[in-house]
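Asker: Next comes the sequence, and after it the predicted model I'd like to discuss.
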Amino acid sequence: AAAESSDSEEEDLVSYGSALQPLQEGERIKKPVPLQEQTVKDAKGRYQRFHGAFTGGFSAGYFNTVGTKEGWTPSAFVSSRQKRADKTVFGPEDFMDEEDLSEFGIAPKDITTTEDFASKAKDRIKEKARQIAGVIAPIPGTTACDDLIGPSKTTIGFELLRKMGWKEGQGIGPRVKRKPCRQKPDPTVKIYGCALPPGLSEGSEDEEDEYQPENVTFAPKDVMPVDLTPKENVHGLGYKGLDPSQALFGVSGREHLNLFTGGSEETSNLLGDLRPSKGRKLGITGQAFGVGALEEEDDDIYATDTLSKYDTVLKDEEPGDGLYGWTAPKEYKSKKRPEREFKYIGKILDGFSLASKSSAPIKIYPPPSLPRNYRPVHYFQPVITAGSENCGLQKALEESTGKPESDPTQQSRHALNAAQRREQLGETELKAPVPSVLEYLSEKDRERLKEMKQASEQQMKAKTVSQQSRSSRFQPASPEDATHKWQMLLGGQVANAGSSDFKPFAKNPEKQKRYENFVKSLKQGEKVDTLERFLDPNMTEWERGREQEEFFRAAMFYRSSNSVLSSRFTRAKYEDDVDKVEVPRDQENDIDDKETAVKMKMFGKLTRDKFEWHPDKLLCKRFNVRDPYPDSSVVGLPKVKRDKYSVFNFLTVPEPTTSVTQATNEKIQESNSLNKPKKPSRWDVSDKEKEKKDSISEFISLTRLKADVQQQPPVLATKECGTGTSEILPTQVTNEDKNLEEESGRPPMDLFKAIFVSSSDEKSSSSEEESDEEQQPTTSERESETTKQVDVLGSSSSNVQESVTATTDSGISSLPNSKQELDATEEFGPKLPPAFSSGRFCKHLDRKEKHRKIRERHKTKKERKRKKEKKKKHKKQKNKGKHKNKKSEKDSSSDTTDSSDSLSDMDTTGLSPKELLRR
Amino acid sequence: MAFPRPRPARPELPRQRVQTLKCGQGAVRAARFNADGNYCLTCGSDKTLKLWNPHKGTALRTYQGHGYEVLDAAGSSDNSQICSGGADKSVALWDVTTGQVVRKYRGHAGKVSCVQFNEEGTVIVSGSIDSTVRCWDCRSRRPDPIQVLDEAKDGISSVKLSAYEILTGSVDGRVRRYDLRAGQLCSDYIGSPITSVCFSKDGQCVLASSLDSTLRLLDKDTGELLGEYTGHRSTTYRLDCVLNEQDTHVGCASEDGHVYFWDLVEGSLALSLPVGQGVVQSLAFHPRLPCLLVATQGQVTLWREDSFQPEGDPD
């Protein structure tokens, strides 16, 4: 229906011209083409030529050249003798382009009305031409002979009229009894100006006899319609110019050649029209010679300008219709114009006449009279928030302004909120679920705001009952599990989500139903286990957990509130595909696997993500590269549309950017990758091992996935709702807790590691002994140590356990590093080196120094924390004597990575390659 | 010297200081050779960019027009234009001879940390701490970039171009290689924030230095680790890494005032060049000669191999 209405609207509108193309974004507005660059082209794309006689008259030539289509060979030249004589006589048409012969050309050759059907008016042109031809012809009057000899042609109209009884000279219309009484000019009025032309004054036929028989009717008099063409020339009134036919031959038979009376209307018109088309030749119709298509008419350069053409006396203003100009006869003026009409000055358009009755004058109502004590000054009242301390002031102000005292139960209007005002006004509640500003605040802030609000409300004693009940309802709830926490979070807002017509799962009606039930029960403050029953029983536990999570989140996101915002915004009426959102199709996948891969130095497949990437077409062009995807319009990574309201879209777990630390297994890997048959680098890995690693990595990811699945719901809960709050949620678990969690969460992976370590290391150590001795002189004592250790590992199963803990330790050590990373990102990546300069740049340096100091202060803080953690680590390590040595080394190296001030450590690491070299 | 050597000589490393350019630009944020290595550009923290002949030690021109520190610069292959990126979030295109800013590209939301020309000098690729890489068109007058590469999750620290690739190193610990010819994006995870990346001369390998004081040489096609080089200190600052002119050695600036060189194949430390006391801010290796440009402590020093005769014609 909407489409139809829009259609009808479009039909109602009348549009002129063609609409401008909508500007694209970033496009600049085109400059208008300057006049000298504007060109006109014909249908075939050739330039139209507007030159006149000087450059060839016709649009001659071929593409504005002197050549022809055939080149320099004249088209007339035909080699055969027979044809030569055929086309000797050229008409002007032979030199014309085809567009000149077309409908709008200068010599149109299309279907026109034949003479039989043509009206007389059109005929006139030919008539004229003929007459002039007769005049100009070498023997004047030949055309007259033609007229005599040739059969006279009458148009169909004439014939029809004749058949109806019309005779030439009669008027058209019903016959009348009597000749209408002709108006005679008032004898009292003197006629000034020139004598009226005899054609107009019918005095010659006035000598009628009084006797008229009763039964005789007369045809109406043939009336020559008054020619109302305005006078455009500078000739005198009624001047017709010299009619050659009259002047030369005296056809009219008048003794006196009167320029003003002229001959018949026809001839006078003929002459008048003749002037511009001077030099017209026979055979060509339309304007061709002399005047170009776009030029204005040639000025009559030979005309003399005499004083007689100008007025010498100022006269009355001319009255209006311009029929006679200001030389109009007086009686014309006085008769036709009532006084009123003199108001109208100017010309009246053709087909219009002045109204006989003037429209009623516009009534003007006087403005209301102002009261006497009115002061035209506006002053603003200071807005005073209703508070305890402001009360007095407000009252004083109200009294001063003379405002009637509001009843004590009701607060002043400034204290009312939108909802209260709405109630007072009796308006209905807005249906749209609009999120309040509060929802954009962090939990902490919200909490604080709430507290403040409550405090102030208590002060004002304007706390509504509903709020009280709400707060009391949720106070006793003890946060035992995640759901309670959710309820706590949602409680207040969900309570007024009742009117929500928002359907986040509208696509899936069942789910939506479940969701609604869920929210309803949530509002009533039910417990989780009871909430569970609304979930689909067919689903697996994990799915149910996921859905519950989703519901919570949806309820959190889309609760409605009757806040101020709801009155400010309305929902969009037309949403385009709202429940889809563009998400990059491929995303760099989980980093954890990569982390471990990097630790094991298994660069390659594990650490690499390959995506389809579409370069911009222009970029390809600039790089001189063929577009790899010539048909695609995508630029960048291809994107896909995903369900917008799937909560898990928003749950991209922030990547823990842990820096690479030297893990315990790292060296083992190093030695592991030593034996490499083809490539010269010692870090390369043999294919067999690669395969193994791949399968291993799969295993890792599998176990990871499992672990993640187990962990996910609580992790999500903590991640999402704990953006700022630490007191409500158990997000900020102490590190030890987390470690415990990790340890308990990932036994399978560690188990795998232990297995992996023992198996591959045996091989590597053996192969190392066999082949790599001369190739790798740089085996350090570390490696030997690790191999030793691995041997031990292989022998005793208890040691496997130890290595497990060791790896988890490495996980722990990554924690402070990540913190440091966080700081680094605050500074936006690696810093610029400090400025070292002298003298001039002291200030700059100072600033830098300050920065540094601050940073260092930060560092020391961090340092302390880290030391604490390290101590813990050391404690742990103390029971494993074998690892101790290596551990310390690792710590020192991590120290160098962490802090820049421990130079001595750096030196040792700096030296170690040298030592390696020496060996 | 100008002629190519008859057979590849034993690679030499720059050990001898030949020239010292007192830049007087505050901290020198970057020192870069031009395409043929005859000239160099220094980016100062006093908003200027200077063009030098480092072999003679003469300053040729100063380019002023940036609103804040100049962080990186590059010269076009035909030496007619210079592009530079600064802390004023803009990328400027300079005319070398007139010293005027031809164009300024604004669009980055943060400091522009690295800029590069493509081979023909028709596109400027700039990386910024706003985590985007933007490709600007030098040919047309359009104000917006041709393409924005916003795959990085953190600031871009380094950008390098080959004939058909864009290599970026990001603080999110990934080296991304956009292959225009194949229409592929390869993202290699390193883990630690990347400070600098570069292609090897043969275009087969990618060198990446990261904030864990490690340089890694990766196979370009597979992403496998070919070499790992440690010993220097790089934990805080964005420092450059280089390959020498014959791809035999790998070099990196260090925060302890040295420049370290490792044997590319063996991974052993070949040279530790004491350059100054402070952090070595920037590093550039001559494209054809064993010649190193080092920016430290507000000055730029030029280092040559031992056999080099300073009194001879430097090039």
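Answerer: Everything's here; your move. Numbering: from 1, shown residues only, chains lettered A, B, ... in the order given.

Asker: Of all residues in the stretch 51-200 of chain B, which one is closest to chain A?
Answerer: Chain A sits closest to B:Gly183 of the stretch 51-200 of chain B, with a gap of 3.1 Å, by C-beta to the nearest C-beta. Where C-beta positions appear, they are placed from N, C-alpha and C, glycine not excepted.

Asker: and that residue, how many residues sit next to it?
Answerer: Using other C-beta atoms under 10 Å in any protein chain shown, the number of residues around B:Gly183 comes to 19.

Asker: these two touch, right, A:Gly169 and A:Asp222?
Answerer: Yes - here A:Gly169 lies in contact with A:Asp222, judged by C-beta atoms under 8 Å, at a distance of 5.8 Å.

Asker: who's more crowded, the two?
Answerer: Residue environment comparison for A:Gly169 versus A:Asp222 gives the larger neighbour count to A:Asp222, 12 against 8, counting by other C-beta under 10 Å.

Asker: residues touching that one, list them.
Answerer: For A:Asp222, the contact set (C-beta atoms under 8 Å, 6 or more residues apart in numbering or on different chains) comprises A:169-172.

Asker: Of those residues, which is the nearest to A:Ser102?
Answerer: Relative to A:Ser102, the closest of these is A:Ile172; by C-beta to C-beta it sits at 38.4 Å.

Asker: who touches the closest residue to the residue of the stretch 51-200 of chain B closest to chain A other than its chain neighbours in this structure?
Answerer: If the residues on either side of it in the chain are set aside, B:Gly183 comes closest to A:Pro628, at 3.1 Å by C-beta to C-beta, 6 or more residues apart in numbering or on different chains. When the contact criterion is C-beta under 8 Å, 6+ apart, the partners of A:Pro628 are A:614-615, A:620, B:180-183.

Asker: do that again at 7 Å, thanks
Answerer: Contacts were defined as C-beta atoms under 7 Å, 6 or more residues apart in numbering or on different chains; by that measure A:Pro628 touches B:181-183.

Asker: quick one: it from B:Asp179, how far?
Answerer: Going from A:Pro628 to B:Asp179 by C-beta to C-beta, to the nearest Å gives 8 Å.

Asker: and what of B:Asp46?
Answerer: Computed as C-beta to C-beta, the B:Asp46 to B:Asp179 distance reads 39 Å.

Asker: what's the answer for B:Asp306, then?
Answerer: Distance from B:Asp306 to B:Asp179, by C-beta to C-beta: 40 Å.

Asker: Looking at those two, which one has more neighbours?
Answerer: Residue environment comparison for B:Asp306 versus B:Asp179 gives the larger neighbour count to B:Asp179, 20 against 10, counting by other C-beta under 10 Å.

Asker: surely the more buried one meets B:Glu165?
Answerer: Yes - here B:Asp179 reaches B:Glu165: they are 5.4 Å apart, a contact under C-beta atoms under 7 Å.

Asker: And residue 39, what's its pLDDT?
Answerer: Defaulting to chain A. pLDDT for A:Thr39: 69.

Asker: Can you look at chain B instead?
Answerer: The predicted local confidence for B:Tyr39 comes out at a pLDDT of 90.

Asker: With A:Ser567 instead?
Answerer: Model confidence at A:Ser567, expressed as pLDDT, equals 56.

Asker: now do A:Glu11
Answerer: Among the per-residue scores, A:Glu11 holds a pLDDT of 64.

Asker: Same check on A:Asn562?
Answerer: Looking at A:Asn562, the pLDDT reads 46.

Asker: now swap in A:Asn215 and tell me
Answerer: What the model reports as pLDDT for A:Asn215 is 70.

Asker: repeat for B:Gly127
Answerer: Looking at B:Gly127, its pLDDT reads 93.

Asker: Kindly report the same for A:Ser472.
Answerer: At A:Ser472, pLDDT is 41.

Asker: Same check on A:Arg919?
Answerer: What the model reports for A:Arg919 is a pLDDT of 44.

Asker: which intervals of the stretch 501-650 of chain A have sub-threshold pLDDT?
Answerer: When the per-residue scores of the stretch 501-650 of chain A are filtered using pLDDT under 70, the ranges that remain are A:501-504, A:506-507, A:523, A:525-538, A:556-590, A:640-650.

Asker: ok, which residues in it are in contact with chain B?
Answerer: A:588, A:591, A:594-595, A:598, A:601, A:603-604, A:607-616, A:618-620, A:622-623, A:625, A:628-629, A:635, A:637 (C-beta under 7 Å from any C-beta of the partner chain).

Asker: With secondary structure and pLDDT as extra columns, can I get the contacts of A:Pro628 in a markdown table?
Answerer: Supplementary listing: the contacts of A:Pro628 in a markdown table, determined by DSSP: H, G, I helix; E, B strand; the rest coil; pLDDT from 0 to 100:
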| residue | secondary structure | pLDDT |
| --- | --- | --- |
| B:Arg181 | coil | 88 |
| B:Ala182 | coil | 88 |
| B:Gly183 | coil | 89 |
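
Asker: Could you dump these into JSON lines and include distance to A:Gly238?
Answerer: What follows is the contacts of A:Pro628, written out as JSON lines (distance: C-beta to C-beta, whole Å):
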{"residue": "B:Arg181", "distance to A:Gly238": "89"}
{"residue": "B:Ala182", "distance to A:Gly238": "92"}
{"residue": "B:Gly183", "distance to A:Gly238": "87"}
